[in-house]
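Asks: compute the structure for the input listed below.
(2 chains)
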Amino acid sequence: MKPITLIVVFCFFFITLFTVAQCNPVPAPEQKGSLLITNCIAHLGNGQKIDNAVVGFREGKFTLVADAMIAKIDMTAFDKVTDAAGQHLYPGFIAPNSVLGLHEIDYVRATIDEKETGLYKPSVRSVIAYNTDSEIIPTVRSNGVLIGQVTPRGGIISGTSSVVQFDAWNWEDAVIKKDDGVHLYWPSVINRTQDKGVIKLELSKSYNDQLRDIRTLFNEAIAYCSKKDPVHTDLRYEALRGLLNGTMTLYIHADEYNQIAEAIQFKKEMHIDRMVLVEGYDSWRLSKLLRENNVGVMLRRVHELPKYSDDDVLLPYKLPTMLFNEGVMFCFQNEGEWPATNTRNLPFYAGTAVAYGLPYEEAVKALTLNAAQMMGIDSFCGSIEIGKDATFFLSQGDALDMLTNHLTAAWIQGRKISLTNKQVELYEKYKAKYDVEK
Amino acid sequence: MKRIALFFFIIIAFVPIQAQVNETFPYNGVRPKQLTAVAIVHATVFIDDKTQVDDATLLIRNGKIEASGTGIKIPDDAVVIDATGKFIYPSFIDLYSEYGLNKYTPVERKPGPQIESTRKGAFGWNEAIRPDIRSALQFVCQPEAAAEYRSAGFGTVLTHRMDGIARGTSALVTLGSNENNNLLIADAAAHYSFSKGFSMQDYPSSLMGSIALLRQTYYDAEWYKKGGEAEERNLSLEAWNNEQALPQIFEANDKWNILRADKIGDEFGIRYIIKTSGNEYQRINEVKNTQCPLIVPLNFPAAFNVSDPHTTRLVSLAEMKHWEMAPSNPATIAKAGIPFAMTLFGLNDKADFLKNIRKAVSYGLSEEEALGALTTVPAVLIHAEHIIGTLKPGYFANFIICDKKIFTEGATIKENWVQGEAFVIEPENPISIKGKHRLSFERYSLTLDIKGEPGDYKGSSAGIITREVESGGVASAHSDSVSFKVKISQKGNYISLVLNPDSVYSAHGIIRLSGYVAGGQMAGEGQLSSGEWVKWETSKIPPSGLENEPAQNISEKKIETPVSIGKIIYPFGAFGSEELPVQETVWIKNATVWTCDSQGVIENGQVLISGGKIIAVGKSVDPGNLKDVRVIDATGKHISPGIIDEHSHIALMSVNEGAQASSAEVQEASVISPEDIRIYRQLSGGVTAAQLLHGSANPIGGQSAIIKLRWGKTADQMLIEEAPPFIKFALGENVKQSNWGDLVTKRFPQTRMGVEQVYYDHFIRAKEYGEAWRKFNTKSSGNKKNDVIAAPRRDLEMDALLEILEKKRFITCHSYVQSEINMLMHVADSMGFAVNTFTHVLEGYKIADKIKKHGAGVSTFSDWWAYKMEVKDAIPYNGALMWKNGLTVAFNSDDPEMGRRLNQEAGKAVKYGGVPEEEALKFVTLNPAILLHLDNRMGSLTKGKDADLVIWSDNPLSIYAIAEKTFVDGICYYDRSTEEKRMKEIEAEKSRIIQKMLDAKSAGEETQEPKAKENQHLHCDTLGNIE
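Replies: So this is what the prediction gives:
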């Protein structure tokens, strides 16, 4: 073939390929057999790190996690062995309190499914609206975020969240913990109103009334749930049953000191076993109360500005370290501007926390095991430990730094997932157009 | 000559003594004659703010002062009032008032856009320009409002309808009861503001729009005067031109607005009198430099209720300091030598006025200055110094009579005379009936004991009633003891007593007596409970020694020595400082130096800066004979050029003027907000310069401001000297208003098709405009006198567009999808210029080759996408792909949060697309400098360039990089190592003021609940402005 023909054929091949391929990657099939990864720097997610690790799994579960310097490995026990050549291995990062799959294009209302109308709607379930075909999801997992908590927004009780993994045909396949908890947006002590570009902050006058309403709802739910076989079914109370019997978690979203203090009081008062604080700007001031009541914090976005004009300009960056120093369990999350697309930057929030003093493995732990614990999935995922789901990835460099976060492979439940996405494909398409990289 | 005592006169003073009848008016009844003169004698009279005359006489006739001072012969026909012990001042003048203008209720605005004026008639195009309004035509006396003003000491106000940007003329009126006499000057001053008031027209929707509209109107009026009238009749411009000779008063609330107003004044040779908001003390030198006289309010804020330490966080240091320092504002202005008047405008309660003046005096304002600011100064400012403001002969008899010196604690205004018409503010105590009296009537013989003060008497009465008892046909006198509570009211000499029996034995019922006081005795008639009329009288029981109450002895409170308050800091709030940081000579050693120029990255390198410039960069540099060299050992650290944000909206009062498809006339430089905390936060992320762009609400936006983050300086000082002019254009969803709601579908354009038309239309008009000027300039320079043509109308919008055509102004165009980018390049090519920068340009990667050919640069986001329909194809590889196509690529923020992590956003160009690290760093340093045509002085660490640099803890592209020091012009504006100390200082200063606020609260002062105001984070999409 003449060179010119070659180019034409080549171009035709690429154009055809990418025109066809511009939809989300195919979910990986169920994992069969076993794989051993050697020669990696393993960040286990539980605060430990193995500099020269071997990690093996079979049928979706880790079967081997060991230090190659110490342990003797029978490589023949594995169907396949991969030399990771000094890459970093991490448990799949977890995005709690996320709207991924509910929220596609910010300004197009039809693509937003996160906010049901009304104030108290605990029975509203996010999971059935979770769109596995969101074009955003593959871009997020390309950076190492493999699990998320699909969380409804709006009102005081926004609804019930579920935890999903990010490689599935349908929400039913995606779920790893269905209806894990109910989200309560604690009424605000400070009212924000906006007029002509000015935001006015004033002390709320309805705070006490709103508190009374919440207490009334829960007291009624307690009464309802104590009766065997209630005559009438109330979906709202039914949705709260799991909180009262300790099978579900109450996520309370609050920032301010008085809100947090009151919320913890509320937990005690209602005998709620599992509570997690979400946001928590002031949580470091209440560390003792949080520790004593076993309440972890899904910390507000690290890449944010301080809430008040006079606050330490770097406060949001320092909060993770402050919580760590106070012995409060916390993890990272991403509520804020562009909440879906920005999820891929979650690892870098942890990186910033490290820059401001958080020990590295603690940062990884916050991204993985801590989040898993708070959502009640730590028994089967969240760290590189034998028996747990083989949900993890390999990165050529430090995954918490954008300079070096470069995934070479990722697995969810042992299934090797595709790391491409719409954006990568568009990149390839136009690289080919310009012929700028050969 | 008839001599009467003041108190006698007072009693009849509710009827004006010199009621005037208008000469031309018919009179229903017997026409009153002009009354005689009034002579007030033995008073301490302040003829003016500087002249105090003791034991003086004030002679008044026909509403004017006939004579004042000592040695005045009192004419025979004068009523003489003895005012011994009283103090008389010229009454106050308020130049900022809406008195006498009935409340205006605006028509409700219809939903959706309002593009044109709703005002019908031969007026100008914009509803907010109302120079034709003459407040005098709407003026009526408002007795209640007048009484409030008079109680505060005012006699004259300048009143205008406070509505609109140009508000027409005000009327100078006195606070009497007769419109015809009270209207002194019908068109006394012309008024302006930045607020469009009740106007329902969309334009202007921002502060910068108001400024542009004002400027344009000045030019329009000039054109109208010079021949434009032949082309269009415009009553607004006619009125505008007619009132230019009057005093020009500008309402500019906030210190920075004073500078903004003054700048307009400078452009058109006008020195405004500026009505301020009360925070001028924070920038007194800049305010002084405007040379504008001021009208200053006394609305000092209430202390905050800071009892809860958690809710106290809502109160910023700036608010706290303002609370503490606001009362020092008048004194600070006076000390600076700025001529100023004071207004009670802005006070919720007019009764606080005197209280607040006294407060201002206790904060260092002299009594003379205070009086001047209320009398002579406003009189001069309003060109009425020949009729009001002093008590010299010939002036209006506008004065107040006080019982003590007016600025003394506890002094009260007794009377306020307006053009000789006397109004009683606080009635002189009537003849006191305090004490013990013998009260007898019918069969009652009682002792009446009256305590308290007139108006608040407490009385009791006890005694006996004699009755005849018939016993077996024999009548005998019998006495019973009785006692009453007595309610007493006194109006002048008229007394009424209600006797309410105390005891269970109340057969007497309630007895009502009324009568008069005369010579210490009372007498009159009354009715018993039976309805029987009786006569009554009293006689005084002389007080015994013990009952003598001590004479009232409220010692005149000495004016306190000026109170101690905190210091002014720059900026005024947290992270401000008393002294701004200064330029240093710094020798940084042992650092990894990212030069972003041909030297590449120098390991273990050195940088030397001095005089705001980079002196040397290299492996080793020589400080030569530079003095005071500060050596920084930067072992393990990295140095990069300062980060430049090509697309930012920090530090702005407004971003969009989006009411029209083009707003090329508006300037972001006019609305820089130099104390925005976001400036400091950007410094903490190594940002040293930013282009502050107009938003993307319309295809042709406004002119940019390019600033350096010189924290603590003024807006003008932040602007980069000689930076080339830029303008924002925009394409796509924002300009076609896709996401503004279903009602907003009226303004052209609503489609991408329309956007192209906007450009062609405007550029063709600009071309013709340029042509017209060229023709005019050529003809005028020729000597053919008979061939003179009128100058074209100066059009600020066309000026900016013409500059683009002449390649003197550069376009930064907000853009997303490839089709529209291509369209604009076609427009530009056909008009003979190139688009300078496509910003956002998220589909730039799709037509990078075409952009390259056109010659534009690009400034994009690292990884934003999917926030709108038009960015669903955005990819994080955009920057890399465009860079690989040879474009000058920058990353920008458009966001105050991401803006301070731009170095790490540049790191994403390494991650997504493999741009080499050195090149990636240029995305946020050298490349934006090139795009802004500032690479000759910024963007790289090159000898001779500005010393804008950052010392980082790590590779600046890494997530672990922390900005440790940020230098702008060789001045260290941010130093992380001193932040902890700084936070402690902020806390300490707050705690100090909190203690004061708590004291104020326990002293019974009114407080307000904690609250805060913060500026919204402005984006491209943010409409309107911060007020």
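Asks: for stretch B:830-847, the distance to its chain's centre please.
Replies: Centroid separation between stretch B:830-847 and its chain, computed with Cα atoms, centre = their mean, to the nearest Å, is 41 Å.
Asks: no, scratch that, I was asking about stretch A:198-214
Replies: Chain-centre distance of stretch A:198-214: 30 Å, with Cα atoms, centre = their mean.
Asks: for chain B, give me its nearest residue in chain A.
Replies: In chain A, the residue that lies nearest chain B is A:Gly351 (3.4 Å; Cβ to the nearest Cβ). For every residue, glycine as well, the C-beta is placed using N, CA and C.
Asks: next structured bit after the one helix or strand that residue maps to?
Replies: Counting by DSSP states H and E, the element that carries A:Gly351 is helix A:346-355. Per DSSP H and E, the first helix or strand lying C-terminal to helix A:346-355 is helix A:360-367.
Asks: residues of the stretch 151-300 of chain A that sit close to chain B?
Replies: By the rule Cβ under 8 Å from any Cβ of the partner chain, the part of the stretch 151-300 of chain A lying against chain B is A:189-190, A:194, A:196-203, A:256-258.
Asks: circling back: how far off helix A:360-367 does the helix holding A:Gly351 point, in degrees?
Replies: Using axes from the mean of the first three to the mean of the last three Cα atoms, to 10 degrees, the direction of helix A:346-355 lies 140 degrees away from that of helix A:360-367.
Asks: contacts for helix A:346-355?
Replies: The set of residues external to helix A:346-355 that reach it, using Cβ atoms under 8 Å, 6 or more residues apart in numbering or on different chains, is A:93, A:95, A:143-145, A:301-303, A:317, A:320-321, A:332-334, A:358, A:360, A:363-364, A:366-367, A:398-402, A:405, B:904, B:953-954, B:959-962.
Asks: need the contact list for residue 100.
Replies: Using chain A here. Contacts of A:Leu100 (Cβ under 8 Å, 6+ apart): A:Ser134, A:Ile136, A:Ile137, A:Val140, A:Gly148, A:Val150, A:Phe166, A:Ala340, A:Thr343.
Asks: not quite, I wanted chain B
Replies: B:Gly100 touches B:Gln138, B:Phe139, B:Val140, B:Cys141, B:Gln142, B:Ala145, B:Ala146, B:Val157, B:Thr159, B:Ala171, B:Val173, counting by Cβ under 8 Å, 6+ apart.
Asks: can you report how many residues lie near A:Gln423?
Replies: Residues within reach of A:Gln423, counting by other Cβ atoms under 10 Å in any protein chain shown, total 23.
Asks: cool, the one 4 residues further on as well?
Replies: A:Tyr427 has 22 neighbours, counted by other Cβ under 10 Å.
Asks: quick one: secondary structure of it?
Replies: What DSSP: H, G, I helix; E, B strand; the rest coil gives for A:Tyr427 is helix.
Asks: OK, contacts around the nearest residue to it once chain neighbours are set aside?
Replies: Using Cβ to Cβ, 6 or more residues apart in numbering or on different chains and skipping residues adjacent in sequence, the residue nearest A:Tyr427 is B:Tyr877, 4.0 Å away. Counting by Cβ under 8 Å, 6+ apart, B:Tyr877 touches A:Gln423, A:Val424, A:Leu426, A:Tyr427, B:Tyr845, B:Tyr912, B:Gly913.
Asks: quick check: the farthest pair among these?
Replies: By the measure Cβ to Cβ, A:Val424 and B:Tyr845 form the most distant pair in the contacts of B:Tyr877, at 12.7 Å.
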